[in-house]
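**Student:** Whatever this is, show me its structure:
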Amino acid sequence: MAFTVFILQLAVRILSFPLYLLKFLGLWNQISKKWFPYYMMKFSTTYNEQMAGKKQELFSKLQDFAGPSGKLSLLEVGSGTGTNFKFYPPGCRVTCVDPNPNFEKFLFKSIAENRHLQFERFLVAAGENMHQVTDSSVDVVVCTTVLCSVENQEQMLREVCRVLRPGGAFFFIEHVADKRSTWNYFWQQVVEPAWYLVFDGCNLTRETWKALEHASFSKLKLQHIQAPLSWVLVRPHVYGYAVK
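**Tutor:** Predicted coordinates for the structure are as follows:
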């Protein structure tokens with residue numbers, strides 16, 4: 001089976017040669033960073049429609065972690081186009097972090113459409129290095145479909161723990177690798193080389209739950225689900241929250 005995957009991955013790489021050539025020439029990163037927000041604007045709308053029930057269920061618990069003032073301080077990592085905003089509680093103070101500055105205009109459009117929130121600032125930074133955010137300064141950190149593309153999951157989760165106040169929580173919804181015995185996992189492996197390039201560093205075969213289990217949270221509530229999505233390759237998901 002491993003040899004079959006190798007041969008099919010090789011075929012995928014050959015078919016994707018123009019993209020690899022652009023990457024080699026240093027052009028692909030510029031192109032993908034500019035077009036990706038436009039793709040995500042459409043994808044996120046569909047994703048929200050299909051995942052609305054799960055998001056409402058999960059984010060209904062956000063207010064439980066508000067500080068003594070009762071006002072929730074929330075940091076969203078990999079905020080993208082801001083499609084999670086409508087699920088956040090009224091009066092929530094929101095800071096957004098994303099490594100791609102081209103998301104900014106889409107993000108501010110979402111802010112204008114969600115007047116129930118108090119927007120703080122937008123920081124251009126990777127999740128692994130959020131030095132602009134003070135230690136123990138937020139009640140909640142949120143990321144959705146982000147851990148699939150960060151360079152170092154463990155480092156990002158260390159940063160999450162650093163910025164959370166004691167007793168604060170990390171909320172996540174992430175697509176992950178399917179069970180290794182499934183045909184879906186087989187095809188996830190086959191298409192991953194091209195998928196990674198086209199979708200701005202997204203990995204299909206990450207076992208993200210392992211990184212969450214080994215992070216230094218005091219409590220972890222995590223569920224594996226098959227998300228009700230159109231694309232079979234990204235249906236395996238984990239979602240839940242972890243308490244510092």
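**Student:** distance of Lys244 from Cys148?
**Tutor:** For Lys244, the distance to Cys148 (C-beta to C-beta, to the nearest Å) stands at 23 Å. (Glycine included, C-beta is placed from N, CA and C.)
**Student:** and what of Tyr39?
**Tutor:** As for Tyr39, its distance to Cys148 is 15 Å (criterion: C-beta to C-beta).
**Student:** more neighbours, these two?
**Tutor:** Cys148 (21 against 13; other C-beta atoms under 10 Å).
**Student:** Surely the more buried one and Phe172 touch.
**Tutor:** No: the pair Cys148 / Phe172 is not scored as a contact, 10.9 Å apart, by C-beta atoms under 8 Å.
**Student:** And for Leu8, the neighbour number?
**Tutor:** Using other C-beta under 10 Å, the number of residues around Leu8 comes to 16.
**Student:** typo on my end, it should be Lys109
**Tutor:** 13.
**Student:** how far does the helix or strand it falls within sit from the chain's center?
**Tutor:** Using DSSP states H and E, Lys109 maps to helix 104-113. Its chain's average C-alpha position is 18 Å from that of helix 104-113, according to C-alpha atoms, centre = their mean, to the nearest Å.
**Student:** now for it, which elements pack on it?
**Tutor:** When contacts are defined as 3 or more C-beta pairs under 8 Å, 6 or more residues apart in numbering; DSSP states H and E, helix 104-113 sits against helix 28-59, strand 118-124.
**Student:** quick one, phi/psi of Ile14?
**Tutor:** Per-residue torsions, Ile14: phi -60, psi -40 (degrees, to the nearest 10).
**Student:** How about the residue nearest in space to the middle of the chain: what's its closest non-neighbour residue?
**Tutor:** With distances taken as C-alpha atoms, centre = their mean, Val146 lies nearest the centre of the chain, 1.8 Å away. Sequence neighbours aside, Gly78 is the residue nearest to Val146 in space, at 3.3 Å (criterion: C-beta to C-beta, 6 or more residues apart in numbering).
**Student:** just Val234 next, same as before
**Tutor:** Once flanking residues are discounted, Val234 sits nearest to His175: 4.2 Å by C-beta to C-beta, 6+ apart.
**Student:** Show the pLDDT at that neighbour.
**Tutor:** On pLDDT, His175 comes in at 97.
**Student:** I'd assumed Pro68 was in a strand, is it?
**Tutor:** No: going by DSSP: H, G, I helix; E, B strand; the rest coil, the assignment for Pro68 is coil, not a strand.
**Student:** what are the phi and psi angles of it?
**Tutor:** Note on Pro68: backbone dihedrals following degrees, to the nearest 10 are phi -60, psi -30.
**Student:** What is the burial count for it?
**Tutor:** Neighbourhood size, Pro68 [other C-beta under 10 Å]: 5.
**Student:** Look up how far Phe59 lies from it.
**Tutor:** For Pro68 relative to Phe59 (C-beta to C-beta), the value is 21 Å.
**Student:** re earlier: shared neighbours, Cys148 and Phe172?
**Tutor:** Listed as contacting both Cys148 and Phe172 by C-beta atoms under 8 Å, 6 or more residues apart in numbering is no residue at all.
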